[in-house]
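> sequence plus predicted model, see below.
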Amino acid sequence: MGVPNNAGTIVVVLFLSILCNVVPSLGTTFNVGGSDGWGLAGDYKSWSKGKTFKVGDTLVFKYPDGHTVNEVSEGDYNSCTAANSITSDSSGTTTVALKTAGNHYFICSSAGHCANGMKLAVNVVKDSGSPTPSSPAADSTSTSPSTPPKKGSSSSAAASLPLVPWLAMISLVAAVMI
């Protein structure tokens, strides 16, 4: 039995092909610090180690009153200075869309918090399909104790979305060939 050649099949295949390219660009949502959130007890250098941050991903900082999220330059990150912050928020939940490749630096501007380890550096890469672990600039000023991150607390289910269109495409091809 031959493969049917009709307009409906072609439209479905084109739709699924487009879907395969759109869904992976949705990105991954990372909850900074996992279930512990953004606070003095966090070890953000360890939390970010081994994660790949890509353009299109999102960082979500959740924290109680008394903390801030300031995006700063590398120099201000190293000296824990928030005077020239790129962005600043103290709402309790800060969402940062990672729109550009390169190193991004975040600190808490509350007195002493950054110096006590409440700072995060992430290296954002272009989504090329081949992940590489995040390795931002070295942080020699962090004094937080090293504790392993909790499993399953670093990202949302969005990380598994790219499989959906491929499974749909395989199912469609199998159905057409039967």
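That came through fine.
> low-confidence regions, this structure specifically.
1-25, 128-178 (pLDDT under 70).
> for it, which segments count as strands?
Taking DSSP state E, the strands of the chain run over residues 29-31, 53-54, 58-62, 69-72, 87-89, 93-97, 102-107, 119-125.
> tell me the contacts of the closest residue to residue 63 other than its chain neighbours?
Leaving aside its sequence neighbours, residue 63 sits nearest to residue 38 (C-beta to C-beta, 6 or more residues apart in numbering; 4.0 Å). (Glycine included, C-beta is placed from N, CA and C.) Counting by C-beta atoms under 8 Å, 6 or more residues apart in numbering, residue 38 touches 32, 61, 62, 63, 67, 69, 94, 108, 118.
> nearest to residue 49, of the residues you listed?
residue 32 (13.4 Å; C-beta to C-beta).
> surely that closest one and residue 47 touch.
Yes: counting by C-beta atoms under 8 Å, residue 47 is a contact partner of residue 32 at 7.2 Å.
> deepest in the core, which of the strands of the chain is it.
Comparing the strands of the chain by mean neighbour count (mean count of other C-beta atoms under 10 Å), strand 69-72 comes out on top with a mean of 24.
> given that strand, what are its sheet partners and their directions?
Applying DSSP bridges, strand 69-72 is found paired with strand 87-89 (antiparallel), strand 102-107 (antiparallel).
> format those as a markdown table; extra columns: distance to residue 53.
Putting the strands paired with strand 69-72 into a markdown table (distance: least, C-beta to C-beta, whole Å) gives the following:
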| stretch | distance to residue 53 |
| --- | --- |
| strand 87-89 | 17 |
| strand 102-107 | 8 |
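> mind listing what's buried in stretch 39-56?
39, 42-45, 47-48, 51-56 (16 or more other C-beta atoms under 10 Å).
> which of the residues you listed sits closest to residue 81?
Nearest member of these to residue 81, counting by C-beta to C-beta, is residue 44, at 17.6 Å.
> ok, the closest one - contacts?
32, 33, 117, 118, 119, 120, 144.
> what of residue 39?
So residue 39 contacts 33, 63, 64, 67, 118 (C-beta under 8 Å, 6+ apart).
> good, we can wrap up now.
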